[in-house]
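1. show me how the following folds:
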Amino acid sequence: MFNNHAILRKAAAVLSGVAVLFSMAACGSGSSSGSSSSSALEQVKSAGKIVFATEGTYAPFSYHDSKTNELTGYDVEVAKAIAKELGVKAEFAEGSFDSLLAGVDAKKYDTVADQISATDERKAKYDFTEPYTYSYGVVVTPKGNPKGVKTFDDVKGLKAAETGTSNWNKTAQQKGATIVQVNDFGQAVDALSTGRADVTLNDGLAVLDYLKQKPNANIEIAVKSEKTPAAQLPFRKGSDDLVKAVNEAIAKLQKDGTLTKISDKYFGEDFSQQ
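-> A predicted model of the protein is given here:
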């Protein structure tokens, strides 16, 4: 049932569809001035960096600390740990969710650290790493659950507020919901509050974090799925050696407890392994 990325889109001043650079990263390592015959891993090593696209508005996965304005979050820390294992620097470029994978296609970024799930459609276009997050999906309704939603199938015939290219948009449509398109989770909550939408499907961990930050929000979790693989890093096709190296890094970080520590920090329990 779970499809990731889901995901929670907090309202923020990010230009829709335009990647806003957080660091000095102007392009992915693959577009650097190395030999065109170099492998993906060789290009990253040569550039001395791996460029991750991320939203920067998607707590607790990718967001700015309210006190320091520093980009942080579970995905950001995982990305930094992976880069360290590769022996390169992690750089981040921020943009709206719907622009992130397009930036990988355009070789602006090497990959996306933003709770991207490996759907069949995406697998046909990208090479994915092993999962680094396991989570669950939820159906969110206004408080009181006025439509009486008890299962994911109950969204049939209802209006679902979803971002344009998220997995949750696809899931909602498959379940028979009518889509009310929004740019992020904050707008989805607004749509529920004003009656423009009846439900929104999203990532459970992200919704819980939103409720933690805004306990008086007029929403509730009506349905929760089982915990399943949630997030993997997508790379352009042909990046076999880079994907292998990242998989080795993820396995090491899972084994030595690094990912568990990062998960505990943000979620209070280990969601880095099944």
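2. how about the helices of the stretch 51-200 of the chain, start to end?
-> Residue ranges of the helices in the stretch 51-200 of the chain, as given by DSSP state H, counting those that start in this stretch, are 74-86, 97-105, 120-123, 167-174, 185-194.
3. among those helices, which comes closest to residue 217?
-> Of all the helices of the stretch 51-200 of the chain, it is helix 185-194 that lies closest to residue 217, at 6.2 Å by Cβ to Cβ. To be clear about C-beta, it is placed using only N, CA and C from the backbone, and glycine gets the same treatment.
4. okay, the angle between the closest one and helix 167-174?
-> 40 degrees (axes from the mean of the first three to the mean of the last three Cα atoms, to 10 degrees).
5. can you spell out which helices and strands pack onto helix 185-194?
-> In terms of contacts (3 or more Cβ pairs under 8 Å, 6 or more residues apart in numbering; DSSP states H and E), helix 185-194 is packed against strand 137-142, strand 159-163, strand 178-182, strand 200-203, helix 204-213, strand 219-224.
6. and the ones you listed, which is most packed in?
-> Among those, ranked by average contacts under mean count of other Cβ atoms under 10 Å, first place goes to strand 200-203 (a mean of 30).
7. that one: partners in the sheet, and parallel or antiparallel?
-> Strand 200-203 has the following sheet partners, assigned by DSSP bridges: strand 137-142 (antiparallel).
8. with just CA atoms, put the partner strand into PDB.
-> Listed in PDB are the C-alpha atoms of strand 137-142, where the atom choice follows Å, rounded to 0.1, in the frame of the first residue of the first chain:
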ATOM      1  CA  GLY A 137       1.500   5.700   4.400                       C
ATOM      2  CA  VAL A 138      -1.400   7.500   5.900                       C
ATOM      3  CA  VAL A 139      -4.800   9.000   4.900                       C
ATOM      4  CA  VAL A 140      -5.200  12.400   6.600                       C
ATOM      5  CA  THR A 141      -8.700  13.900   7.100                       C
ATOM      6  CA  PRO A 142     -10.100  17.000   8.800                       C
END
